[in-house]
Structures are given as C-alpha cells and as structure tokens.
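In: This is the structure alone, sequence omitted:
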Ligand code: 5GP
C-alpha cells in the first residue's frame, strides 16, 4: 500500500535494527482518517470470505481492527492482557512473549465473544516474531471458531514470524512488508 509506505518513510523512526516507531499515526497518536483507509484495505483483501468477527490484542491493534470491523460491518474483539496466568473457565487464553518489552503476558478473551460458528480475521499493527498472532490463533482454536487469516499493517519480514505462520497454513496479508531496518534505513520488500 503505497500511501502507507510513504507515511512510514516520512514519519517512521528506526529505533534499532529490529524496532520501528510509528507512534505519530498508528500506535500512540492515531490518524483516524488514515486508520480508516488501512482498515478498508485490510477488509478489501478479505472480502467475500464470510468473516464474522475481528480479533486483535490490546492496545495498539485496536484502532486498525476497529477500522477493519467497520468496513466489514462486523464486531471487533480485543484480547486483554494480564500478567498473572488465569484459570478462569470462562476465558480462552494464551501466553505471548513480547520481544519489544522482553516479557511474557497472558492474553485472554471471554468465551461469550467467540463461538464455533464464527469465522475470525486476526488484525494487528505489527508482525515481527509472530508471537501475538500465534497467541490469537491459539485462542481461536480454543473457541472452535474458524480462522480466515490475518491482516497486518506492518510486517518486519526479516524477523521470520510471518514465514512460520504461513508455513503453518495461515493466510497473512500485509500492507507494508519491511525487508530490513539495518543501519537505520527502512527497506521495503
Ligand atoms: P510479534 O509478536 O510478532 O513478535 O510482535 C508483534 C507485536 O509486538 C505487535 O502487536 C506490536 O505491538 C509489537 N511490535 C513488534 N515489533 C514492533 C515494532 O517494531 N514497533 C512497534 N511499535 N511495535 C512492535
């Protein structure tokens, strides 16, 4: 998506060889009109897939997930984060390691919001090592719902998470795939 790549080049800040900051429009301050355009693009890539629900993880996935849900006219569920493991029988849960924060968190979704009849599209702002997506896949599996795939705004392809999940048979659509951040330079695939 050219307009997204251009915005990343103008506003993105490379913090290290593995971390890109896009907090001026995506995950701290949000550009609402632009987020809507991102959601429409993700929705367009999965149209006619009979998706019934969007699933993301709080907090930074919520804006684009909501935009996608609005475009598809379906509900958006966000997995909540909790530090202590939860044994609540009413939740689907998974443990996810965040390399940006160097910590593991439990994510969970109340079982009222995902059903075996659902066809779920996962949405997130970034795909790096694939932990967040893997955790969401586990939650979908626990619910008995079907998985339509994942729509990602920025994939850092060099971190390998996308390849592993695609190899496992999951359809992943990425709006801005990045091949490298080495030396502070953003190189798209
Ligand atoms: P993964 O679980 O695929 O390793 O990482 C994805 C999650 O980590 C995303 O939900 C995102 O919040 C965060 N993340 C990963 N890489 C970056 C990055 O370069 N910049 C920012 N701002 N967040 C990232």
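Out: Here it is on my side, so go on. As the structure is a computational prediction, the values presented were derived from the model and not from experiment.

In: Can you name the residues of this structure that neighbour the ligand?
Out: For the chain, the residues in contact with the ligand (CB under 6 Å from any ligand atom) are 19-21, 27, 57, 60-61, 98-100, 124-132, 161. C-betas here are computed from N, CA, C, even on glycine.

In: Select from these every entry located in strands.
Out: Among the residues of the chain next to the ligand, the ones falling in strands (DSSP state E) are 20, 21, 57, 98, 124, 125, 126, 127.

In: with these in mind, which one is nearest to residue 73?
Out: Using CB to CB, residue 124 is the member of those that sits closest to residue 73, with 20.5 Å.

In: partners of the closest one in the sheet?
Out: Beta-bridge partners for residue 124, by DSSP bridges, are residue 152.

In: In contact with it, which residues are there?
Out: 56, 57, 60, 61, 64, 65, 132, 133, 136, 150, 152, 153 (CB atoms under 8 Å, 6 or more residues apart in numbering).

In: hey, what's the second one bridged with?
Out: Beta-bridge pairing of residue 57 under DSSP bridges involves residue 79.

In: Could you check the pLDDT of it?
Out: Note on residue 57: pLDDT of 97.

In: where along the protein do the strands fall?
Out: Under DSSP E, the chain gives strands at 13-14, 20-21, 53-57, 76-82, 91-98, 103-110, 119-127, 146-156, 172-180, 187-188.

In: Tell me how many other residues surround the closest residue in space to residue 49 that isn't next to it in sequence.
Out: Leaving aside its sequence neighbours, residue 49 sits nearest to residue 148 (CB to CB, 6 or more residues apart in numbering; 4.9 Å). Residue 148 has 21 neighbouring residues, counting by other CB atoms under 10 Å.

In: distance of residue 148 from residue 99?
Out: 26 Å (CB to CB, to the nearest Å).

In: Could you do residue 154 as well?
Out: 15 Å.

In: More neighbours: these two, which one.
Out: Shown here are residue 154 and residue 99; by other CB under 10 Å, residue 154 has more neighbours (24 against 13).

In: re the thing from before, just the buried members of the ones in strands among the residues of the chain next to the ligand?
Out: Among these, the ones that count as buried by 16 or more other CB atoms under 10 Å are 20, 57, 124, 125, 126, 127.

In: you'd agree the second one is up against residue 81?
Out: Yes: distance between residue 57 and residue 81: 7.1 Å, which falls inside the contact criterion (CB atoms under 8 Å).

In: Find residues that contact each of those two.
Out: Common neighbours of residue 57 and residue 81 (CB under 8 Å, 6+ apart) are residue 107.

In: nearest spatial neighbour of residue 129, skipping sequence neighbours?
Out: In space, and not counting its chain neighbours, residue 129 is closest to residue 161: 4.5 Å by CB to CB, 6+ apart.
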